[in-house]
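Peer 1: Pasted the sequence and its predicted model underneath.
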Amino acid sequence: MKEEKQAELNMELGAQLFLQIEGSEIRIKCNLVGVLPQSCLMIQTPLIKNKAKFLNKDDDIIIRYIHHGKVLGFLSKVIESLENPFDITYISYPKKVEEINLRKHSRIVCYIPAKLKWAELSFKGVVSDISEGGVRFITIRDQAKETDNFRIGDELTVVFPLLGMEDEVEFKGKIRSINTDVRILGIGVEFENLPSNISDKLSEYIKIVSSYNEHLSQG
């Protein structure tokens, strides 16, 4: 985190947030539903099986959200997590809000048909963004229920075509983040030990697309 801000949230009721328990890579999508200034925030968390295993009183958490194109975040603590009569979690009001630099490498948005290989299984999906360090792979949970068994650190392979190479390329890596909702599963994959020829082609692809995107934004 960098560039300290005043403790002004700059978000409206209903804003989408991402909750991460400190020390875990799992992020939970939620929404802001209430604010008691300088005291607490109220967020609506999704229906999660065995929620008590994920959110407990006094858990240290990280909240991230987007404001005017910037990713902001703050540290907080769970005050109470309720399921009845409404699915609401109370968290402490932040002492400071900071801009977050999330990536070691700049990422570009894309839509590349891909396949993920894990253990003896294979899942179809798409690569939705890519960098020199990894990709985000998205698949439909209904078509791949076994993905509920994914864990942070699992080794896997993502297979997809790359500009300038005739055949599909296998990118080996590890799971670094898991984001889920009712139907969609998103997996952040960090590449490991890429051969130099593939790494060079990947860098070239990202430079070409980034340059094209920059040209479009200026035009």
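Peer 2: Perfect, I can see it now. Residues are numbered from 1 along each chain as shown.

Peer 1: distance of Ile198 from Ile206?
Peer 2: Per CB to CB, to the nearest Å, Ile198 is found 13 Å from Ile206. The C-beta positions use only the backbone N, C-alpha and C, and glycine is treated the same way.

Peer 1: for Glu80, that is, sorry about that
Peer 2: 44 Å.

Peer 1: More neighbours: which of those two?
Peer 2: When neighbours are counted by other CB atoms under 10 Å, Ile206 comes out ahead of the other of Glu80 and Ile206, with 19 against 14.

Peer 1: quick check, the more buried one in a strand?
Peer 2: No - the assignment for Ile206, made by DSSP: H, G, I helix; E, B strand; the rest coil, is helix rather than a strand.

Peer 1: Which helix or which strand is home to the nearest residue to Ser177 once chain neighbours are set aside?
Peer 2: Taking CB to CB, 6 or more residues apart in numbering as the measure, Ser177 lies nearest to Gly188, with 3.5 Å between them; neighbours along the chain are not counted. Applying DSSP states H and E as the criterion places Gly188 in strand 184-191.

Peer 1: Just the C-alphas of that strand, formatted as PDB.
Peer 2: Below are the C-alpha coordinates for strand 184-191, written out as PDB (Å, rounded to 0.1, in the frame of the first residue of the first chain):
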ATOM      1  CA  ILE A 184     -18.600 -17.900 -11.800                       C
ATOM      2  CA  LEU A 185     -15.200 -19.000 -10.500                       C
ATOM      3  CA  GLY A 186     -12.200 -16.700 -11.000                       C
ATOM      4  CA  ILE A 187      -8.600 -18.000 -10.400                       C
ATOM      5  CA  GLY A 188      -5.500 -15.900 -10.200                       C
ATOM      6  CA  VAL A 189      -2.600 -17.900 -11.500                       C
ATOM      7  CA  GLU A 190       1.100 -16.900 -11.000                       C
ATOM      8  CA  PHE A 191       3.400 -18.300 -13.700                       C
END
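
Peer 1: From here on, call the first residue 2.
Peer 2: Will do, 2 is the new start, and the previous item becomes strand 185-192.

Peer 1: What mean pLDDT does it get?
Peer 2: The predicted model gives strand 185-192 an average pLDDT of 88.

Peer 1: so what does that strand touch, helix or strand wise?
Peer 2: Helices and strands touching strand 185-192, as assessed by 3 or more CB pairs under 8 Å, 6 or more residues apart in numbering; DSSP states H and E, comprise strand 135-141, strand 169-181.

Peer 1: counting contacts, what elements does the last one pack onto?
Peer 2: Spelled out, it's strand 169-181. Judged by 3+ CB pairs under 8 Å, 6+ apart, strand 169-181 is in contact with strand 27-37, strand 135-141, strand 156-162, strand 185-192, helix 197-219.
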